[in-house]
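Trainee: Following is a predicted model, sequence given first.
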Number of protein chains: 2
Amino acid sequence: MKWVYIEDIGRHCGEDVEIRGWVYHKRSSGKVRFLVVRDGTGFLQATIFSSEKDHPLFHQFDALTRESSVIVRGAVREEKRSPGGYELCVQDMETLQIAQEYPISPKEHSTAFLMEHRHLWLRSRKQHAVLQVRAEVIRAIRDFFDGRGFRLMDTPVLTPSACEGTTTLFETAYFDQKAYLAQSGQLYNEATAAAFGKVYCFGPTFRAERSKTRRHLLEFWMVEPEVAFATLEDTIELGTDLVLFIVDRVLSRRRSDLEDLERDPKPLEAISKPFVRYTYEDIIPKLQEKGSGMAPGEDFGAAEETLISQLSPGPVCITHFPAKIKAFYMQPDKARPDLVLGVDFMAPEGYGEIIGGGQRIHDLSLLEKRLEEHQLPREAYEWYLDLRRFGACPHSGFGLGVERTVSWMCGIKHIRETIPFPRLLYRLYP
Amino acid sequence: MKWVYIEDIGRHCGEDVEIRGWVYHKRSSGKVRFLVVRDGTGFLQATIFSSEKDHPLFHQFDALTRESSVIVRGAVREEKRSPGGYELCVQDMETLQIAQEYPISPKEHSTAFLMEHRHLWLRSRKQHAVLQVRAEVIRAIRDFFDGRGFRLMDTPVLTPSACEGTTTLFETAYFDQKAYLAQSGQLYNEATAAAFGKVYCFGPTFRAERSKTRRHLLEFWMVEPEVAFATLEDTIELGTDLVLFIVDRVLSRRRSDLEDLERDPKPLEAISKPFVRYTYEDIIPKLQEKGSGMAPGEDFGAAEETLISQLSPGPVCITHFPAKIKAFYMQPDKARPDLVLGVDFMAPEGYGEIIGGGQRIHDLSLLEKRLEEHQLPREAYEWYLDLRRFGACPHSGFGLGVERTVSWMCGIKHIRETIPFPRLLYRLYP
């Protein structure tokens, strides 16, 4: 008999098939036993019917516990009342393992307990839905860039120097040297962009932050495009199109997951071009009006991110930050050299910053000056300076955080559920 | 004027366009100046024609050095004699930066020199071709698994315990704990496979190996599928189909890159199903015949990998290894419990192992026994044991190394050129 997955069951109506999965739920009603089986791609009602009270399948059924592994065989038929619209009329069943008492029940568990059992919690309906959305978001991102001729150029995790700040780095011995886990692939992207025109890297990044907020992970995935000859304006357009592409894809392909998550799709459906834009200097008074105590010249905190996201039903772009609160490589504005051509995209509904980027310095002497001002070790950046010696050009890019984007799509407040095995301040297990 | 990329130039024949790129080559001939510009997506001849000796564009042309960044504008026309079949009749040119003397010339450089200048070496034609093939291989892998309903489930890099061996781990402080950089996502895949049926992870993996061979990187990318309810046979079929899919994709989409690499496509075109198979015990005498000094019960060395690849014009699958040379989680063969249901795929033409995998132990008590035998810390594996307590089932998977696959596709002997920024024993820069 052919082994098929539940998501494909509709194509096998009337056929005898084999389903391999786990017991999700069971109930009895007279001469019928209902077994809801999940196989990771869906849920299917498997029905055992017999007028013999002592039917061997009934005994097998009785022994089954939640999450027991089974193979059920039988004919697929349409059944409007069944979840998914089909059911399996069981002719034969194989029990592979009777599961011990499953620790996760429909009752409320503490977050600590669920995180400790993350390897099992993944099987729960909501977690399952979140991670399906995650896979879709990642696929959408890759389709977007591959479809626009960007070359995927993986950047290293093990790096000899820090990209932004040195206080939040994971360090490891690299034989006789020290290596740091990359916080960004951007500097390397600038080299590959000069070789391939438009590139992106997409991998895990690391920040050893001692902060315990709902928006931070110590290990998270980030996609970072970089385009040679592109300006801040080009980057804002690219980021806008990417966000719209992701939203569209999630709405068109993962609507049932959003339903499982009780995520209202309307705020997502309302997102459109162009996104509202403010300069840093223009937004400060707006935030102060709304009660922010932030002084001009400071960076946004979580409170400000939330306030900003109330300014528009869609993402809000903020540009032209004070140079001193941004990274050393940011290109100054010609008219106002104390400001840099950076941009942050704030997600709506309070989900915080999802994109940060901008135009990079392409002038050799300015970059040398900045390295000095930031007291960065010149030697480690010689290769990066080379990019300004050999064919320098304006270039821009950004980073989009996958987990924050997924938390926005799914409407879940804490980022820890948007990655299979989150790494948090006190969480390295499982 | 519209900025277009050279790879799209054919769609703009007869139009005025703008190309942004770098000077690759230039030459003069009477009233004509030929500039070959690269923009990362291709090469284009830009022609400046004038009967005035003193034309300002000629002066601009004279000042240009290799890798200088320029914007050229003009009409696209067909020109059979030009590389790519088109040329640009320059009306206007903007010089962004005159490059300093470019350190990489067509003459021979030492590998050490090229690796030290990897950020620039990437711009060279062959390196460019290799990395285009790499991007295509990665895209093919994702299309293959996404197309077959596999769910992408990212596994963590920072892990509390070792998957295979502990001598080759990068260690980092994780606040008050120790964390290790993942050598494989497999154990985590087993958890997500039980939640999603069929999954894959695809990310960088790390081995702090003190070996300096042409087949090893300290940081490399690996795709790892895992399928619940799948056996060794299913895994061999899946791996075979994946390899064929990759070969096909590279042949159909990256033929010009293979040409740039002078890679003979015939050995790739000859690959077909099924791959030749041997058990470990059957292949030993074959290897000894060919001069291997390997004793039964040992693992293959580089010499054996090369000998094996001479046994067939396609990949060779080897199965049923002695349990003691393989990882603790490998499922024993029922008939011969001293052997495990593992499989290695050896690439042809001497490119070594590209796939390693097999069926995992699903029996709780056997796995507990193995952890003890291997003196692995039980506590760290409690979650992994849970997968055998709650719905255990036969399950299988494998890992395919991206860089080895790319080196095989490209026909290049040393793996260091198959990743943008290789990490080797004494190589952490740039």
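Mentor: Arrived safely, thanks for sending.
Trainee: can you pull the contacts of the residue of the stretch 1-150 of chain A found nearest chain B?
Mentor: Going by CB to the nearest CB, chain B is nearest to A:Gly40 of the stretch 1-150 of chain A, at 2.8 Å. C-beta here means a position set from N, CA and C on the backbone, and glycine is covered the same way. The contact partners of A:Gly40, taken as CB atoms under 8 Å, 6 or more residues apart in numbering or on different chains, are A:5, A:21, B:151, B:193-198, B:228.
Trainee: Return the member of those residues nearest to B:Gly301.
Mentor: For the contacts of A:Gly40, the closest approach to B:Gly301 (CB to CB) belongs to B:Ala193, at 32.1 Å.
Trainee: Show me what from the stretch 151-300 of chain A comes close to chain B.
Mentor: Applying CB under 8 Å from any CB of the partner chain, we find that the stretch 151-300 of chain A lies next to chain B at A:151-160, A:170-175, A:177, A:179, A:181, A:188, A:191-198, A:203-204, A:206, A:208, A:210, A:218-219, A:221, A:228-229.
Trainee: just checking, which of those residues belong to helices?
Mentor: A:188, A:191-196 (DSSP state H).
Trainee: which regions of chain A sit below the pLDDT cut-off?
Mentor: Residues of chain A meeting the criterion pLDDT under 70: A:162-166.
Trainee: which one in it is furthest away from the centre?
Mentor: When distances are taken from the C-alpha mean of chain A, A:Glu52 lies farthest, 51.4 Å away, according to CA atoms, centre = their mean.
Trainee: Now that one: closest residue in space, sequence neighbours ignored.
Mentor: A:Phe58 (7.9 Å; CB to CB, 6 or more residues apart in numbering or on different chains).
Trainee: Determine whether the claim that that neighbour is in a helix is correct.
Mentor: Yes - looking at A:Phe58 with DSSP: H, G, I helix; E, B strand; the rest coil, it is inside a helix.
Trainee: Next, count neighbours for it.
Mentor: Each residue near A:Phe58 was counted by other CB atoms under 10 Å in any protein chain shown, and the total is 15.
Trainee: could you measure it against B:Arg139, distance?
Mentor: 50 Å (CB to CB, to the nearest Å).
Trainee: again with A:Tyr429
Mentor: 34 Å.
Trainee: Over to A:Ser51?
Mentor: 56 Å.
Trainee: what's the answer for A:Glu219, then?
Mentor: A:Glu219 is 24 Å from B:Arg139, by CB to CB.
Trainee: ditto for A:Phe145
Mentor: For A:Phe145, the distance to B:Arg139 equals 10 Å [CB to CB].
Trainee: Now list whatever residues contact both of the two.
Mentor: With CB under 8 Å, 6+ apart as the test, A:Phe145 and B:Arg139 both reach A:Leu152.
Trainee: Neighbour count: those two, which is higher?
Mentor: Neighbours of A:Phe145 and B:Arg139, each counted by other CB under 10 Å, are more numerous for A:Phe145; the result is 21 against 17.
Trainee: Assumed the more buried one was part of a helix.
Mentor: Yes - counting by three-state DSSP, A:Phe145 falls inside a helix.
Trainee: wait, isn't it in contact with A:Pro225?
Mentor: Yes - judged on CB atoms under 8 Å, A:Phe145 makes contact with A:Pro225 at a distance of 6.2 Å.
Trainee: Which neighbours do those two have in common?
Mentor: Counting by CB under 8 Å, 6+ apart, the contacts common to A:Phe145 and A:Pro225 are A:Tyr200.
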